[in-house]
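# the following comprises the amino acid sequence and a computationally predicted model.
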Amino acid sequence: MAIFFYKYGRSVKNKMFEDFGGILIDEICDDIHIGTPINFGNGLCGIAWGLIYLMQENFVEADVDEVLEEVDKQIVRLEFRDSVDYSLETGSEGVARYIIYRCKNGIRANSAINLIFLERLHENLSKNTSNRNAGLIKALDQIMYGEGLEDDCDSLLRLLSVDVEYDESDLFNETRALGILDNGYTGIGLKLLEKELFKRYCLDINTQDMETGKIPKLSFCITCKNRFHQIKETLSKNLEDNRMFQELIEFVLVDFGSMDGLKGWVSANFMEDIRSGYLKYYYTEELSNWHASIAKNTAHFLAQNDIVVNLDCDNFTGFNGGRFIIRQFLLNPGKIVIHQSSGDGYDGSYGRIATRRSQFIEIGGYDESFEPMTFQDDDLMYRLIANGAKYIAVRDSRYNKAIRNTKEEGVIYTNSQLHWRDMLDLNRARSKDNIMSGKIIANNRIFGIRKNIYLVDEKYL
């Protein structure tokens with residue numbers, strides 16, 4: 001609750017609320033005693049994590065090592081032994097969350113936190129193979145091997161806020177908790193505050209998009225054919241990472257006849273998101289052989305929002321990645337193309353391209369006369385630029401991570417006899433000829449598969 005008052009006070013520029021947050025912190029610290037539990041939900045790990053957050057955000061000025069020295073000594077006494085409690089509230093996830101943020105810059109010399117304790121914590125978490133714990137295990141590995149971490153306390157705070165659910169008709173009741181967890185009042189307040197701050201940010205920007213006070217909406221366009229082993233890693237993560245602003249975002253997933261169980265998996269796990277329209281899952285068998293331009297055009301044609309983003313099925317948006325892209329468009333009015341590639345042409349992020357839907361339609365989308373793979377992304381951007389779009393490279397590593405593939409993997413389902421390098425040479429030459437001759441409109445503006453394609457919902461199933 002103290003964090004909420006600090007953040008709210010800063011947002012409304014009223015120090016009274018920040019002062020009240022300070023009073024709450026003093027009371028919390030005064031109540032710590034020898035019997036205070038170590039857990040995150042109502043114990044030392046949660047309190048210490050909150051203090052790190054307040055110091056990180058410059059709400060509180062203090063020496064973090066001095067403040068948390070005794071807390072660290074208590075926490076490292078944990079043995080875990082045969083514990084099977086891996087929860088955030090009372091188990092090892094909560095301990096790991098604190099330790100990761102405490103040591104994100106490495107283990108400090110003379111710190112009570114040492115490799116022996118980290119190994120015990122790592123061993124305990126390894127017994128639980130959930131995706132949530134997998135990320136924590138990786139972070140602990142990075143700390144133990146002396147690698148830095150990009151995550152900060154704010155990412156966890158937002159993650160906790162995303163999970164908060166409430167019904168306005170039952171907002172105030174005697175049984176609701178005060179904290180962030182368990183859909184408590186603080187969690188609700190932080191979620192509402194985050195949304196309000198973003199809307200205020202949007203309305204403060206004087207751009208063409210905001211002339212009517214309308215925040216542009218965004219569609220992530222995903223295509224997939226027999227890549228279940230990758231999309232099972234990315235889809236649920238991407239949906240969760242953007243859920244806080246799902247009223248502004250949709251995910252359009254087009255399955256081109258996958259035979260690896262994708263349809264059953266999506267139907268079993270994401271029906272609630274399909275019902276709400278947050279995820280739109282289409283299925284077709286009209287593309288027997290993979291063709292990147294046709295597949296991507298189909299997903300972009302089915303997208304309904306103002307901004308369209310190509311999101312390959314092996315790509316991660318990053319936390320609130322949709323909001324991040326919307327901000328770029330608000331800051332850059334007019335015709336633009338946002339390229340979120342890391343700069344490494346082989347890491348899978350090169351195809352992350354965002355533009356306004358109207359611009360995409362205006363140039364006819366990806367060129368379907370190309371060979372099945374390679375250079376379709378470059379060509380799209382070159383034609384957008386030739387049509388007056390400003391090219392903006394956004395190489396923020398928080399928002400362009402991907403599962404690395406080989407070029408050979410990318411052409412498996414094309415049924416082409418050409419090597420990918422031959423496709424590259426042919427497509428590059430064709431693109432150059434078209435642009436040099438002023439031919440920047442592809443496909444006569446009629447693109448994508450438009451027949452025998454079905455929206456998978458409860459009626460379809």
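Yes, it's here.
# any idea which element the closest residue in space to residue 363 that isn't next to it in sequence lies in?
Sequence neighbours aside, residue 383 is the residue nearest to residue 363 in space, at 4.9 Å (criterion: C-beta to C-beta, 6 or more residues apart in numbering). (Glycine included, C-beta is placed from N, CA and C.) Counting by DSSP states H and E, the element that carries residue 383 is helix 376-386.
# pairing partners for the following helix or strand past that helix, with directions?
Per DSSP H and E, helix 376-386 leads on to strand 390-393 as the next helix or strand towards the C-terminus. The pairing partners recorded for strand 390-393 under DSSP bridges are strand 336-339 (parallel).
# mind giving me the packing neighbours of the helix or strand following the partner strand?
Per DSSP H and E, the first helix or strand lying C-terminal to strand 336-339 is strand 353-356. Strand 353-356 is packed against strand 307-310, helix 321-331, strand 336-339, helix 376-386, with contacts defined by 3 or more C-beta pairs under 8 Å, 6 or more residues apart in numbering; DSSP states H and E.
# what are the contacting residues of strand 353-356?
With contact meaning C-beta atoms under 8 Å, 6 or more residues apart in numbering, strand 353-356 is reached by 218, 306-310, 325, 328-329, 335-340, 377, 380-381, 384, 389.
# next one: stretch 388-406
Residues from elsewhere that reach stretch 388-406 (C-beta under 8 Å, 6+ apart): 150, 230, 233-234, 312, 314-319, 321, 324-325, 328, 332, 334-343, 346-349, 352, 355, 359, 381, 384-385.
# now list the buried members of those residues.
230, 233-234, 312, 314-319, 321, 324-325, 328, 335-342, 347-349, 352, 355, 359, 381, 384-385 (16 or more other C-beta atoms under 10 Å).
# among the helices and strands packed on strand 353-356, which is nearest residue 2?
Smallest distance to residue 2 across these (C-beta to C-beta): 25.7 Å, for helix 321-331.
# tell me where the stretch 201-350 of the chain has helices.
All helices of the stretch 201-350 of the chain, identified by DSSP state H, counting those that start in this stretch, fall at 228-241, 262-269, 271-276, 292-302, 321-331.
# most neighbours per residue, which of these?
Comparing these by mean neighbour count (mean count of other C-beta atoms under 10 Å), helix 292-302 ranks first with a mean of 25.
# hmm, back to that, adding mean pLDDT, write the helices of the stretch 201-350 of the chain out as a markdown table.
Compiled in a markdown table, the helices of the stretch 201-350 of the chain are given as follows (pLDDT from 0 to 100):
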| stretch | mean pLDDT |
| --- | --- |
| helix 228-241 | 93 |
| helix 262-269 | 94 |
| helix 271-276 | 94 |
| helix 292-302 | 98 |
| helix 321-331 | 91 |
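# any chance of the ones you listed in JSON lines, with distance to residue 67 too?
Formatted as JSON lines, those follow (distance: least, C-beta to C-beta, whole Å):
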{"stretch": "helix 228-241", "distance to residue 67": "31"}
{"stretch": "helix 262-269", "distance to residue 67": "42"}
{"stretch": "helix 271-276", "distance to residue 67": "42"}
{"stretch": "helix 292-302", "distance to residue 67": "50"}
{"stretch": "helix 321-331", "distance to residue 67": "32"}
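# out of the ones you listed, flag the one nearest residue 446.
helix 292-302 (9.6 Å).
# wait, isn't residue 46 in contact with residue 93?
No. With contact defined as C-beta atoms under 8 Å, residue 46 does not count as touching residue 93 (11.7 Å).
# please convert the helices and strands packed on strand 353-356 to CSV, extending it with distance to residue 421.
Putting the helices and strands packed on strand 353-356 into CSV (distance: least, C-beta to C-beta, whole Å) gives the following:
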stretch, distance to residue 421
strand 307-310, 23
helix 321-331, 32
strand 336-339, 23
helix 376-386, 15
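# relative to residue 126, which of those is closest?
Short answer: helix 321-331, nearest of the helices and strands packed on strand 353-356 by C-beta to C-beta, at 28.6 Å.
# quick check: angle from the closest one to helix 228-241?
Counting by axes from the mean of the first three to the mean of the last three C-alpha atoms, to 10 degrees, helix 321-331 lies at 60 degrees to helix 228-241.
# where in the stretch 151-300 of the chain is pLDDT low?
Along the stretch 151-300 of the chain, the parts satisfying pLDDT under 70 run over 151-171, 173-174, 177-178, 180-183, 185-188, 190-191, 193, 195, 197-213.
# repeat that with 50
153, 206-212 (pLDDT under 50).
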